[in-house]
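Visitor: Sequence plus the predicted model coming up.
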Amino acid sequence: MTMNTEELKKNFDDQLAQTEKQINELEANLAKAREYRTKLQGGLETLSLLEPKDEIEESINGNQIIDGVEHVKPMIDGEPSCPEDEQEPPHSVAHL
């Protein structure tokens with residue numbers, strides 16, 4: 001079975017049109033997927049902003065560091081003034 005030039009040209013034109021249609025559909029789906037990805041990233045960023053941050057650290061000598069400020073534990077004769085599990089977090093005096 002041999003195709004003449006006209007049949008071959010029509011076949012190529014049909015394939016080209018079908019390929020263009022597929023490309024357009026794939027590009028539309030890709031745009032939707034990218035938009036969805038952006039929404040998911042935004043959701044993750046929002047959740048990270050809503051999570052409380054644990055800003056309390058401990059210094060080398062056992063004092064607490066809260067937001068970069070070292071708070072010294074009250075000491076009596078080199079020992080904490082109350083047992084470790086009963087100590088309240090240090091209070092900042094910035095509001096006074």
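Guide: That came through fine.
Visitor: got the buried residues for stretch 21-39?
Guide: Buried residues in stretch 21-39, counted by 16 or more other Cβ atoms under 10 Å: none are found. For glycine as for every other residue, the C-beta is placed from the backbone atoms N, C-alpha and C.
Visitor: Tell me where the protein is predicted with low confidence.
Guide: Under the criterion pLDDT under 70, the flagged ranges of the chain are 1-2, 53-62, 64-96.
Visitor: just the helices in it please.
Guide: Remark: helices assigned in the chain by DSSP state H are 5-50.
Visitor: How is it divided into domains?
Guide: The record assigns the chain these domain ranges, following automatic domain parsing: 1-51, 56-86.
Visitor: Just the C-alpha atoms of stretch 5-19, please, in CSV.
Guide: Extracted C-alpha coordinates of stretch 5-19, given in CSV (Å, rounded to 0.1, in the frame of the first residue of the first chain):
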residue,chain,number,x,y,z
THR,A,5,1.9,12.9,-1.8
GLU,A,6,-1.6,14.3,-1.1
GLU,A,7,-2.5,11.5,1.3
LEU,A,8,0.8,11.8,3.1
LYS,A,9,0.4,15.6,3.4
LYS,A,10,-3.1,15.2,4.8
ASN,A,11,-1.9,12.5,7.3
PHE,A,12,0.9,14.9,8.5
ASP,A,13,-1.5,17.8,8.8
ASP,A,14,-3.9,15.6,10.9
GLN,A,15,-1.0,14.5,13.1
LEU,A,16,0.2,18.0,13.5
ALA,A,17,-3.2,19.3,14.5
GLN,A,18,-3.6,16.4,17.0
THR,A,19,-0.2,17.1,18.5
